[in-house]
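# Sequence and predicted structure, then a few things I'm wondering about:
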Number of protein chains: 2
Amino acid sequence: MDYIEIIGLIAAVLTTTAFLPQVYKTWKTKDVESFSLPMFLIFFIGILFWLIYGVLVKSIAMILANSITVISSFLLLYFKIKYGKR
Amino acid sequence: MDYIEIIGLIAAVLTTTAFLPQVYKTWKTKDVESFSLPMFLIFFIGILFWLIYGVLVKSIAMILANSITVISSFLLLYFKIKYGKR
């Protein structure tokens, strides 16, 4: 693997793991007021597209990273809908 | 441009624009309590790596998308530090 792919892998790991502390904090605090629902909706759909793109270009790194991010962004979307103000 | 690249472009546009309503909401409300600071830090660094990766692989779409997301994630990081509890 050349250094460019390593940079891509670091980027994928960082932007995937970034959401885990947020999912944990939101799960614990149920505090979703600061979040923008449109952001989570658009972001979730966007990550789904990245996942499809990763499958089509047969990129294991993209499939792995975006499968995890699809789950964490879906959870955040679910928390926002469940705990957001009625 | 084949359909696979179109899916990649749609994904890039969605995951880039997704942050704009969040930046707007946070700029207006100054409410950052729900956010996890580690998320913004890790995410910002990760997007920087994606930007470097995009430059190295000479992908205009990645450079464009990640330049915008670097700015929006930096703004959210700045707001979180500025308006977060001391």
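Yep, that arrived.
# Tell me where the model's unsure across chain A.
Across chain A, the ranges flagged by pLDDT under 70 are A:86.
# Show me what the top helix by length along chain A is packed against.
Of all the segments assigned as helix in chain A under DSSP state H, the longest by residue count is helix A:60-83. Helices and strands touching helix A:60-83, as assessed by 3 or more C-beta pairs under 8 Å, 6 or more residues apart in numbering or on different chains; DSSP states H and E, comprise helix A:3-17, helix A:19-29, helix A:37-56. (C-beta placed from N, C-alpha, C; glycine too.)
# now that helix against helix A:3-17, angle please.
20 degrees (axes from the mean of the first three to the mean of the last three C-alpha atoms, to 10 degrees).
# Contacts made by helix A:60-83 with the rest, please.
With contact meaning C-beta atoms under 8 Å, 6 or more residues apart in numbering or on different chains, helix A:60-83 is reached by A:8-9, A:12-13, A:15-16, A:19-20, A:22-23, A:26-27, A:30-32, A:35, A:37, A:40-41, A:43-44, A:47-48, A:50-51, A:53-55.
# Tell me if I'm right that residue A:42 and residue B:18 touch.
Yes. Between residue A:42 and residue B:18 there is a contact under C-beta atoms under 8 Å: 3.9 Å.
# how about the residues of chain A that lie near chain B?
Within reach of chain B by C-beta under 8 Å from any C-beta of the partner chain, chain A has these residues: A:4, A:7-8, A:10-19, A:21-22, A:24-26, A:29, A:31-36, A:38-40, A:42-43, A:45-47, A:49-50, A:52-53, A:56-57.
# Mind giving me the ChimeraX command for buried ones among the residues you listed?
Buried subset of the residues of chain A next to chain B, written as a ChimeraX selection, criterion 16 or more other C-beta atoms under 10 Å in any protein chain shown:
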select /A:7,8,10,11,12,13,14,15,16,17,18,19,21,22,25,26,32,34,35,36,39,40,42,43,45,46,47,49,50,52,53
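# Kindly provide the distance from the most centrally placed residue in chain A to residue A:76.
Residue closest to the average C-alpha location in chain A (C-alpha atoms, centre = their mean): residue A:69, at 2.8 Å. Distance of residue A:69 to residue A:76, given as C-beta to C-beta, to the nearest Å: 10 Å.
# and if you look at residue A:31?
To residue A:76, residue A:31 is 12 Å away according to C-beta to C-beta.
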